[in-house]
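A.B. asks: after the sequence you'll find the predicted model.
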Amino acid sequence: MPELPEVETIKRELEKAVLGKKITKVSVINPKVIKEPSPKEFQKEIAGATIKNILRKAKLLIIELSNGKFLAIHLKMTGQLIYPGKGSKLTRVIFSLSSGKDLDFNDGRLFAELRLVDDWQKLKFIQSLGPEPFDLSCEHFKKMLASKKTKIKPLLLDQTFISGVGNIYANEALFRAKINPGRPANSLSQKEKELLFNELKETLKEAIAHKGSSVDQYVQLSGEDGGYAKYHKVYDREKKPCLKCKIPIQRISLGGRGTYFCPHCQA
DNA sequence: AATGGGACCTGCGCGC
DNA sequence: TGCGCGCAGGTCCCAT
């Protein structure tokens, strides 16, 4: 499900809803999503701890606990955090809170990963991350592209290059910058690189403002849909008319991912 | 270094 | 109605 805007949305809502609350009990319905430590230890070490802080790094959500440990949550494709949770057939872990309500962790496809660690900064995933667009200057972004001949769209999805951008927003930003997703990164003009950098940040900001894109499984912490999907200009719009020029949006596969673009506006 | 494929899983919508 | 196929907001691993 989630890219940077969706995870940021959940992070902000968690801050409002569960900060300072105690986790009284952890019920593991499906141990598969718990990657470390063992589900038993996971359960035991979290129970009794208070939620001290909520962080986000790219698409990773990090919950700091009063016992000095960090709960790192990667939602991957279909993970959800719901509060107050009602339980469903997709609920894999239930965190019972001192409020008397539950924080449900749901995940349809069982790709998501929960880790309880001493130091989140030492996670392999974290150490391999490139900078988020918001932590980059345009100058630096331009330099990074200059040495890459990879196709620009797969490059934007490479988390070791730039982190936080996923398939929806890579497609949207490229449309807005009028850049063909198959162009080699180092073939973009200075102007195009600037435009792409700005549209990338702008798209992410707008998506955050609308609390993310609900295409399939993603929902806000409350369980409501995010509001940004109706503003998508190309993502999931194959064969529909381009909103600018009416020519049908095309779908191709790049780097194994669905890629949507306007053959005219992004020639 | 870059690219492609498959793997991890489950479920949905589509065409037949 | 039922079946098989392709597809899915992510990432990792292996082969060329």
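C.D. replies: Cool, got the structure. Residues are numbered from 1 along each chain as shown, chains lettered A, B, ... in the order given.
A.B. asks: how about the residues of chain A by DNA strand B?
C.D. replies: Contacts of chain A with DNA strand B, taken as CB under 7 Å from any atom of the strand, map to A:32, A:89, A:108-111, A:148-151, A:154, A:254-256. Using the backbone N, CA and C atoms, a C-beta is placed for each residue, glycine as well.
A.B. asks: care to break chain A down by domain?
C.D. replies: A:4-118, A:133-261 (automatic domain parsing).
A.B. asks: and the stretch 151-267 of chain A, which residues reach DNA strand C?
C.D. replies: Checking the stretch 151-267 of chain A against DNA strand C by CB under 7 Å from any atom of the strand, the hits are A:157, A:159, A:166-168, A:213-218, A:253, A:256-258.
A.B. asks: could you dump the residues of chain A next to DNA strand B into a markdown table with pLDDT, secondary structure and neighbour count added?
C.D. replies: A markdown table is the format used below for the residues of chain A next to DNA strand B (pLDDT from 0 to 100; DSSP: H, G, I helix; E, B strand; the rest coil; neighbours: other CB atoms under 10 Å):
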| residue | pLDDT | secondary structure | neighbour count |
| --- | --- | --- | --- |
| A:K32 | 96 | helix | 14 |
| A:K89 | 94 | coil | 7 |
| A:G108 | 95 | coil | 17 |
| A:R109 | 96 | coil | 12 |
| A:L110 | 96 | coil | 15 |
| A:F111 | 96 | coil | 15 |
| A:K148 | 96 | coil | 15 |
| A:K149 | 94 | coil | 10 |
| A:T150 | 95 | coil | 15 |
| A:K151 | 97 | strand | 18 |
| A:P154 | 97 | helix | 18 |
| A:L254 | 95 | strand | 17 |
| A:G255 | 94 | coil | 14 |
| A:G256 | 94 | coil | 8 |
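A.B. asks: and those residues, which two are the farthest apart?
C.D. replies: A:K89 and A:K149 (46.3 Å; CB to CB).
A.B. asks: let me know whether A:I10 touches A:E3 as I believe.
C.D. replies: No: with contact defined as CB atoms under 8 Å, A:I10 does not count as touching A:E3 (11.6 Å).
A.B. asks: so which of these two has more stuff around it?
C.D. replies: A:I10 (28 against 23; other CB atoms under 10 Å).
A.B. asks: quick one: which of the residues of chain A next to DNA strand B is nearest DNA strand C?
C.D. replies: Minimum distance to DNA strand C across those is 4.5 Å, recorded for A:F111 (CB to the nearest atom of the strand).
A.B. asks: thanks again, I'm all set now.
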